[in-house]
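1. Here is the input, now give the coordinates:
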Amino acid sequence: MLTPCPHCQQLLTYSEQRFDCPHCQRHFTALACCPDCQQPLQVLKACGAIDYFCTHGHGLISSRRVHYRPEDVME
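-> Alright, predicted model coming up:
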């Protein structure tokens, strides 16, 4: 996953549902987005499974197709 830091444009590292910038030491949460419309997905959790649903008309999205983007700087 090659995602640039929104602040310094260096590549972010991704692990455990978050992005980290080794260059500027900032941390970001990973926001699940629809690969078709780039809108945030609704996360559905049941019986140990995690599913993603696009409320903008694209329905259920496979976890393999989900795109993650850095969002909301974590303190």
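2. where in this structure is pLDDT low?
-> Along the chain, the model assigns pLDDT under 70 to residues 1, 73-75.
3. all strands for it, in order.
-> 13-15, 18-20, 27-33, 42-46, 49-54, 59-61, 67-73 (DSSP state E).
4. winner for burial among those?
-> Each of these was scored by mean neighbour count; the highest is strand 18-20, a mean of 19, by mean count of other CB atoms under 10 Å. All C-beta atoms are positioned from the backbone trio N, CA, C, and that covers glycine.
5. list the helices and strands that strand packs on?
-> Helices and strands touching strand 18-20, by 3 or more CB pairs under 8 Å, 6 or more residues apart in numbering; DSSP states H and E, are strand 13-15, strand 27-33.
6. Please repeat the previous calculation with a cut-off of 10 Å.
-> Contacts defined by 3 or more CB pairs under 10 Å, 6 or more residues apart in numbering; DSSP states H and E place strand 18-20 against strand 13-15, strand 27-33, strand 67-73.
7. Tabulate those in a markdown table, adding columns for distance to Ala49.
-> A markdown table is the format used below for those (distance: least, CB to CB, whole Å):
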| stretch | distance to Ala49 |
| --- | --- |
| strand 13-15 | 21 |
| strand 27-33 | 15 |
| strand 67-73 | 18 |
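8. what's the closest of the ones you listed to Cys5?
-> Using CB to CB as the measure, strand 67-73 is the one of these that comes nearest Cys5, at 7.4 Å.
9. Dump that closest one to CSV, restricted to CA.
-> The C-alpha trace of strand 67-73 is given here as CSV (Å, rounded to 0.1, in the frame of the first residue of the first chain):
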residue,chain,number,x,y,z
HIS,A,67,-9.1,1.1,-0.1
TYR,A,68,-7.7,2.7,3.1
ARG,A,69,-6.8,6.3,3.4
PRO,A,70,-5.2,8.2,6.2
GLU,A,71,-7.6,10.2,8.3
ASP,A,72,-7.9,12.1,11.5
VAL,A,73,-4.5,12.6,13.1
